[in-house]
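Participant: kindly return the folded structure for what I paste below:
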Amino acid sequence: MKRRVLSLLSLTAVLTLALNSCTIEVNDGLGDGTVTTPTTPGTTEGVLSGSGTLSGTISKDLLIKKGNYTLDGIVKITNNATITIEAGATFNVVTSKTSGLVILQDGKINAVGTASEPIVFTTSTKTPGDWGGITIYGNAPIKAINGNTQALSEDGNNVYYGGTDANSNSGTMKFVRVEYAGKKIGDGTSETNSMTFYAVGAGTTLENLVTYKGTDDGYEFFGGTVSAKNIVSYGNYDDSFDWQDAWSGQNNTNWYAFQTGTGNFGMEIESSGNVDNTAPKISNITLIRDTNTLPETANSPEITAIQFKKQGTGIFSNVYISGYKNIGTQKAYAVLIQDAATETSQVNTGKVVVAPLTYLNSDNAGVWGYAFTPNGGKTFTNAATVTKVSLTPGAWATVDGVNLLAGLQ
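Facilitator: Residues are numbered from 1 along each chain as shown. Next comes the predicted model:
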């Protein structure tokens, strides 16, 4: 991803300007940035009031009020700055270049929409893979490959992530929707996710979020301790939910995925090969695979609801799964264990639990799948008491007149 730089004017400079909207151009030695920015007299905080372009590196607090904006290129929040976005703000993302919103370790986001006035990031072409989505870096611990406490990000930003503050706070996102993300980066084959969380801490709030028709994962967690509530993954091409590097959020609830058209695993879970990890906990999960949904690659085995590999763990309760059917010779399971090491160290020690579970309109009911000869194997009985996730309806979960929560009815 490329980098442009934006600096906001200081209070002294602001007071020398007219109080109307103005175009600011600066060069702070890191690059050039231009933004049309209404200013507020008597404050040091920049303000976008109803329209304008967001670009470059934000190094001072910025308030974005309700309105329609353009997000142009990679926008990075840093230098202890907070980007505050009001309910009803909509961003049309430039797709002729790699664009994305990146909150670095020393930045924060305060994006609080409502069910009726969400904060929306979309594109005019409405094509999956148009842009890079939202990425947040925190300062919480990780366990990467070989137990490393730091690792280099996979998103093209080349940022090392992994810290020591389990309760670090990267801000708040509520009622935020990301559409058509997952742009290819770097070598042209790697992709960004719709929402990506690198070492994000438990002090961060993630609630009522939607990822819609991205070409990679809906949500991916790279270590960290943050939890998420009331989140929707709809029509994302790869996995609806994905994590690695020993992500360990303990207070997750109400996760809903609807896979349609193209989709791989409902959930792909690993711990980067680390035996000693803390299992994340999620209550109330609904995974629904629409009829005729195919994996990205023909004849791929990636059609199971929940896959565990590389010492991945998870304690899941009240799980409702529907629509996971065999495709050709490939079998779809409620739960698939990919390697014997994960079974031995995690499944058989109680760090992989999926119960109670209802598995409907799907093949291979009553058994877990194994990509090897299991040491015993698991069976389960459908629990009639499990119901679908319940989420608040509204504009936050509606795209072009389509109710994304219809599958929960």
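Participant: what is the burial count for residue 49?
Facilitator: Residues near residue 49, counting by other CB atoms under 10 Å, number 15. C-beta coordinates here come from the backbone N, C-alpha and C atoms, glycine included.
Participant: and residue 328, by the same measure?
Facilitator: What residue 328 shows, counting by other CB under 10 Å, is a neighbour count of 8.
Participant: identify the residue nearest it in space, chain neighbours excluded?
Facilitator: In space, and not counting its chain neighbours, residue 328 is closest to residue 299: 6.3 Å by CB to CB, 6 or more residues apart in numbering.
Participant: number of residues surrounding the one you found?
Facilitator: Neighbours of residue 299 using other CB under 10 Å come to 10.
Participant: mind giving me the packing neighbours of the helix or strand hosting residue 321?
Facilitator: Per DSSP states H and E, residue 321 falls inside strand 314-322. In this structure, strand 314-322 packs against strand 281-289, strand 306-309, strand 352-354, strand 357-360, with contacts taken as 3 or more CB pairs under 8 Å, 6 or more residues apart in numbering; DSSP states H and E.
Participant: and the shortest one, how far out from the chain middle?
Facilitator: Averaging C-alpha coordinates over strand 352-354 and over its chain gives two centres that are 22 Å apart (CA atoms, centre = their mean, to the nearest Å).
Participant: now swap in the longest one and tell me
Facilitator: Using CA atoms, centre = their mean, the mean C-alpha position of strand 281-289 is found 15 Å from that of the whole chain.
Participant: other residues contacting that strand?
Facilitator: Contacts to strand 281-289, defined as CB atoms under 8 Å, 6 or more residues apart in numbering, come from residues 240, 249-259, 263, 266-267, 303, 305-306, 314-325, 332, 362, 388-389, 407-408.
Participant: buried ones among these?
Facilitator: Burial by neighbour count, 16 or more other CB atoms under 10 Å: within the contacts of strand 281-289 this picks out 240, 249, 252-259, 263, 266-267, 303, 305-306, 314-325, 332, 362, 388-389, 407-408.
Participant: quick revisit: give me every residue that touches the residue nearest to residue 328.
Facilitator: Contacts of residue 299 (CB under 8 Å, 6+ apart): 327-330.
Participant: ranges for the helices of this protein?
Facilitator: 11-15, 340-345 (DSSP state H).
Participant: mind telling me which of those the model trusts least?
Facilitator: Here the lowest mean pLDDT among the helices of the chain goes to helix 11-15, at a mean of 28.
Participant: the strand holding residue 321 pairs with which strands, and in what direction?
Facilitator: Strand 314-322 pairs in its sheet with strand 281-289 (parallel), strand 352-354 (parallel), strand 357-360 (parallel), by DSSP bridges.
Participant: I'd like those strands as CSV, with mean pLDDT, mean neighbour count and distance to residue 175 appended.
Facilitator: Formatted as CSV, those follow (pLDDT from 0 to 100; neighbours: other CB atoms under 10 Å; distance: least, CB to CB, whole Å):
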stretch, mean pLDDT, mean neighbour count, distance to residue 175
strand 281-289, 98, 23, 19
strand 352-354, 98, 21, 29
strand 357-360, 97, 20, 28
